[in-house]
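Novice: need the 3D shape of this:
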Amino acid sequence: MMKYDPNYKKVSFSTQIEIEWKYMLSSMLRLYGFAEYEKYFHNKDYDLKYRDELMKIAEESGFMNSKTIEIYYLILKLYEGSNEISNTINNEKSDDMYNRLKDIIDMHSFSFDKSECFQLYIHLFNYLNIKKLNSGKDFSREEFEIAMKMIENDLLIHNGSIDPGWFRGVFSKAFNAGEIKYAEDFIENIKTL
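Specialist: Numbers count the residues shown, from 1 in each chain. Next comes the predicted model:
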């Protein structure tokens, strides 16, 4: 709105302030989510001292009606820190958050560009990987369903080809989930690219 109204004739200052807050909040939640991911999977050390304040703003601002803010808020909640994740990853509340996040991403994937949408699905894989590491359970079916959504949203094909790692990953996820026919069809479809 602001981009196409440079003289601010249609967009009030209060609307501009709200838009800027939503943008800032979603951007910061996104960055903190990626930092938490790197802390857990890559043993990075980031000072995330404003995390609690950021979460409080998200919870109390009334901006949770923004799906972008809600998505990145839930992602950050799932990465609450490697020690907390290890202790709480198997509880029902985390699974409920994961399922809610997955549903929101699936329903609103069209709102994001391909690279952003790709990253959202990666966060879902990360949650399942953390659960697998801490519980030893098999999440092949869930991983297969995420991979199918990525294919449906055309997130894995770039410049007419698929990365070999993703090719193997999708095939193995289908195979491990017992979806042999899907795995065979996937190979045939990729051959035509």
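
Novice: break this protein down into its domains, please.
Specialist: Here the domain assignment for the chain is 1-113, 138-193, based on automatic domain parsing.

Novice: backbone dihedrals for the spatially most central residue of the chain, please?
Specialist: The centroid of the chain falls nearest to L120 when counting by Cα atoms, centre = their mean (2.3 Å). When read as degrees, to the nearest 10, the backbone of L120 gives phi -60, psi -40.

Novice: contacts for the helix or strand hosting F186 next, please.
Specialist: Using DSSP states H and E, F186 sits in helix 180-191. With contact meaning Cβ atoms under 8 Å, 6 or more residues apart in numbering, helix 180-191 is reached by 144, 148, 151, 162, 167, 170-171, 174-175. (C-beta placed from N, C-alpha, C; glycine too.)

Novice: in TSV: these, plus distance to I71 and neighbour count.
Specialist: Formatted as TSV, the contacts of helix 180-191 follow (distance: Cβ to Cβ, whole Å; neighbours: other Cβ atoms under 10 Å):
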residue	distance to I71	neighbour count
F144	22	21
M148	20	17
I151	20	17
I162	25	18
F167	27	15
V170	23	23
F171	28	17
A174	26	23
F175	30	16
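
Novice: what segments of the protein are helices?
Specialist: 13-42, 51-60, 67-78, 82-88, 92-108, 114-135, 140-152, 164-176, 180-191 (DSSP state H).

Novice: let me have those helices in a markdown table, extended by distance to H158 and mean pLDDT.
Specialist: Shown next, in a markdown table, are these (distance: least, Cβ to Cβ, whole Å; pLDDT from 0 to 100):
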| stretch | distance to H158 | mean pLDDT |
| --- | --- | --- |
| helix 13-42 | 21 | 89 |
| helix 51-60 | 33 | 93 |
| helix 67-78 | 23 | 93 |
| helix 82-88 | 31 | 49 |
| helix 92-108 | 20 | 91 |
| helix 114-135 | 9 | 91 |
| helix 140-152 | 12 | 95 |
| helix 164-176 | 10 | 93 |
| helix 180-191 | 13 | 89 |
